[in-house]
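J.: Give me the fold of what follows.
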Amino acid sequence: MKDRIKIGVIGLGSRGYSLLTAVILKYQDVDVLAVCDLYEDRIAQAAEAVKEARSIEPVCTEDYRDILKMEEIDAVVITAAWESHINIAVEAMRAGKYVGCEVGGAYSVDDCWQLVRTYEETEVPCMLLENCCYGRDELLVLNMVHQGLFGEIVHCQGGYRHDLRNEVAFGRENRHYRLRNYLNRNCENYPTHELGPIAKVLNINRGNRMLTLTSVASKAAGLHEYLLKEKGSDYDLSNVSFAQGDVVTTTIKCAHGETIVLTLDTTLPRPYSRAFHVQGTKGMYMEDNRSIFLDGVHNQYDFDWKKQWNNVEEYREQYEHPIWKQYLEEGVIGGHDGIDWLVFGAFFEAVKRGVEPPIDVYDMASWMSITALSEASCAMGGAPVAIPDFTNGKWTNRQPAPEGRYNLEK
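T.: Numbering: from 1, shown residues only. Below is the predicted model of the structure:
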């Protein structure tokens with residue numbers, strides 16, 4: 001096991017830079033030897049942050065391949081634009097570098113297969129940095145599921161419900177990739193919140209798998225109205241027809257009969273929610289009112305449920321996940337309620353130990369494929385689309401995930 005690891009960070013926009021400064025550089029056993037972005041000012045800002053935190057002069061480059069050529073680099077963290085994630089990950093595995101990749105959706109199923117086949121050829125691990133898998137409530141519910149509190153799980157829901165109108169509409173000013181995606185694509189473009197935690201609840205790729213999906217998209221009206229208000233009718237984008245529907249609903253059927261509903265809702269005024277919802281034969285959990293309903297315990301409140309809102313706190317002491325018990329004792333570190341710290345801890349531990357990460361390449365391929373598959377389904381008016389088995393049958397009898405602090409299977 002390595003005491004220290006050396007990494008390169010590829011992509012230094014808002015998300016990449018914040019992860020670098022608020023998370024990565026706070027891990028004292030992780031050295032950032034190289035930073036990469038297409039924009040010089042972002043590179044300079046990141047290099048200065050590394051120098052200030054570590055007294056290290058990192059290699060600065062606009063070409064990520066320069067980092068992949070560095071023999072001393074153990075791993076790369078990819079926080080670049082969505083469309084570059086898989087290509088960079090594939091080249092990094094071929095260069096022998098562990099990959100930690102920020103979330104997003106795939107642009108084709110072929111890309112997902114390439115990801116899997118590259119891993120199987122090189123045996124270099126690749127982890128999707130899905131921080132919501134380490135959310136406190138997500139892990140609380142996962143622990144409850146493992147202990148049978150909800151019985152046999154039948155249905156799950158989740159999504160990405162986040163008002164991103166400002167980020168998308170000001171994409172030129174922010175140099176943000178979401179704008180070009182919303183102009184040209186209509187799909188479930190950000191599926192892994194909350195599909196990641198749901199997949200762990202349903203044992204996807206380890207005893208279960210996703211079979212088919214259907215996706216439908218509403219009309220696109222939110223960004224048009226927002227741009228008229230913020231920039232006026234003379235602004236060119238104010239009168240552009242955005243391809244991305246305001247609300248996209250995706251329904252997934254699993255091999256063991258469970259259903260999953262994902263909702264993308266990012267261009268209308270609304271509060272933030274991942275809408276995590278798990279329903280079984282003995283009870284259910286609902287994120288939006290932070291409540292748990294158990295058969296034989298809460299039936300009397302059937303028509304008066306507001307009195308039980310936020311009752312999840314009553315279950316903390318008994319069902320808090322061990323990951324969060326230890327984390328709370330050590331002290332939660334900021335960044336999306338502390339979950340950025342945990343997901344990077346999981347990645348760095350895997351690199352140090354030389355083992356598979358808890359969110360592996362098969363998870364990454366299957367979860368990211370939902371974007372490309374939903375795009376096809378939306379284009380066909382919600383027609384069913386088959387979801388490939390990226391494990392090639394291994395899901396029926398896979399080896400257990402490596403033991404460790406960040407294990408999500410137990």
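
J.: need the contact list for Ala49.
T.: Residues near Ala49 by Cβ atoms under 8 Å, 6 or more residues apart in numbering: Tyr17, Leu20, Thr21, Leu25. The way it works is simple: take the backbone N, C-alpha and C, and place the C-beta from them, glycine included.

J.: mind putting the residues you listed in a markdown table, pLDDT included?
T.: What follows is these, written out as a markdown table (pLDDT from 0 to 100):
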| residue | pLDDT |
| --- | --- |
| Tyr17 | 97 |
| Leu20 | 98 |
| Thr21 | 97 |
| Leu25 | 97 |
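
J.: now the strands for the stretch 301-410 of the chain?
T.: 385-386 (DSSP state E, counting those that start in this stretch).

J.: Kindly apply the preceding question to the stretch 151-300 of the chain instead.
T.: Using DSSP E, counting those that start in this stretch, the strands of the stretch 151-300 of the chain run over 153-161, 210-217, 247-254, 259-265, 277-280, 283-286, 291-294.

J.: Would you mind pulling the contact partners of the fifth one?
T.: When you say that, I think you mean strand 277-280. When contacts are defined by Cβ under 8 Å, 6+ apart, strand 277-280 is touched by residues 141, 145, 150-158, 198, 201, 284-287.

J.: quick one: Asn208 and Gly257 touch, right?
T.: No: if you go by Cβ atoms under 8 Å, Asn208 and Gly257 don't touch, sitting 9.7 Å apart.

J.: So for the two, which sits in the more crowded spot?
T.: Asn208 (19 against 11; other Cβ atoms under 10 Å).

J.: what's that one in contact with, if anything?
T.: Asn208 sits next to Leu202, Cys254, Ala255, His256, Glu258, Trp395 when contact means Cβ under 8 Å, 6+ apart.

J.: For the fourth one, which non-adjacent residue is closest in space?
T.: So the one you mean is His256. Asn208 (5.2 Å; Cβ to Cβ, 6 or more residues apart in numbering).

J.: quick one: that neighbour from Pro388, how far?
T.: Here Asn208 is placed at a distance of 15 Å from Pro388 (Cβ to Cβ, to the nearest Å).

J.: do the same with Tyr362
T.: From Tyr362 to Pro388 the distance is 11 Å (Cβ to Cβ).

J.: So these two - more neighbours on which side?
T.: Tyr362 (26 against 16).

J.: In CSV: the strands of the stretch 151-300 of the chain, plus distance to Gln300 and mean pLDDT.
T.: Below are those laid out as CSV (distance: least, Cβ to Cβ, whole Å; pLDDT from 0 to 100):
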stretch, distance to Gln300, mean pLDDT
strand 153-161, 23, 98
strand 210-217, 37, 98
strand 247-254, 32, 98
strand 259-265, 28, 98
strand 277-280, 19, 98
strand 283-286, 14, 98
strand 291-294, 11, 98
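
J.: can you redo those strands as a markdown table with distance to Glu194 and mean neighbour count?
T.: Listed next are the strands of the stretch 151-300 of the chain as a markdown table, based on distance: least, Cβ to Cβ, whole Å; neighbours: other Cβ atoms under 10 Å:
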| stretch | distance to Glu194 | mean neighbour count |
| --- | --- | --- |
| strand 153-161 | 3 | 22 |
| strand 210-217 | 14 | 21 |
| strand 247-254 | 12 | 22 |
| strand 259-265 | 7 | 21 |
| strand 277-280 | 9 | 21 |
| strand 283-286 | 12 | 21 |
| strand 291-294 | 17 | 20 |
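
J.: Next one: Gln318 from Phe150, what distance?
T.: Gln318 sits 14 Å away from Phe150, going by Cβ to Cβ.

J.: So which of the contacts of Ala49 belong to helices?
T.: Tyr17, Leu20, Thr21 (DSSP state H).

J.: wait, which of those is closest to Val50?
T.: Ranked by distance to Val50 (Cβ to Cβ), these are led by Leu20 at 7.5 Å.

J.: Pull the number of nearby residues for the closest one.
T.: For Leu20, using other Cβ under 10 Å, the count is 23.

J.: Kindly report the same for Cys378.
T.: Look at Cys378: counted by other Cβ under 10 Å, it has 25 neighbours.

J.: So it sits against Leu213, correct?
T.: No: at 10.5 Å, Cys378 does not count as touching Leu213 under the criterion of Cβ under 8 Å.

J.: between these two, what contacts are shared?
T.: By Cβ under 8 Å, 6+ apart, no residue touches both Cys378 and Leu213.

J.: Quick one: the helices in the stretch 251-400 of the chain, in order.
T.: Secondary structure of the stretch 251-400 of the chain, counting by DSSP state H, counting those that start in this stretch: helices at 316-319, 322-330, 339-353, 361-379.

J.: Just name the most buried of those helices.
T.: Mean neighbours per residue, mean count of other Cβ atoms under 10 Å, is largest over the helices of the stretch 251-400 of the chain for helix 361-379, with a mean of 25.

J.: What's the mean pLDDT across it?
T.: Averaged over helix 361-379, pLDDT sits at 98.

J.: same check, this time on stretch 399-410
T.: 92.

J.: Next, the buried residues of it.
T.: Ala401, Pro402, Tyr406, Leu408 (16 or more other Cβ atoms under 10 Å).

J.: Give me the residue ranges of the stretch 1-150 of the chain where confidence is low.
T.: Counting by pLDDT under 70, the stretch 1-150 of the chain has no low-confidence residues at all.

J.: all helices of the stretch 51-200 of the chain, in order?
T.: Applying DSSP H, counting those that start in this stretch to the stretch 51-200 of the chain gives helices spanning 64-68, 85-94, 109-122, 136-146, 165-169, 171-174, 178-184, 192-201.

J.: Name the nearest residue to the residue nearest in space to the middle of the chain, ignoring sequence neighbours.
T.: The residue lying closest to the centre of the chain (Cα atoms, centre = their mean) is Glu130, at 3.3 Å. Computed as Cβ to Cβ, 6+ apart, the closest residue to Glu130 that is not its neighbour in sequence is Gly196, at 3.9 Å.

J.: quick one, what contacts the one you found?
T.: Val103, Leu128, Glu130, Cys132, Cys133, Ile359, Asp363, Trp367.

J.: what's the closest of those to Asp337?
T.: Cys132 (10.1 Å).

J.: What is the neighbour count of that closest one?
T.: By the criterion of other Cβ under 10 Å, Cys132 has 22 neighbours.

J.: No more questions from me, cheers.
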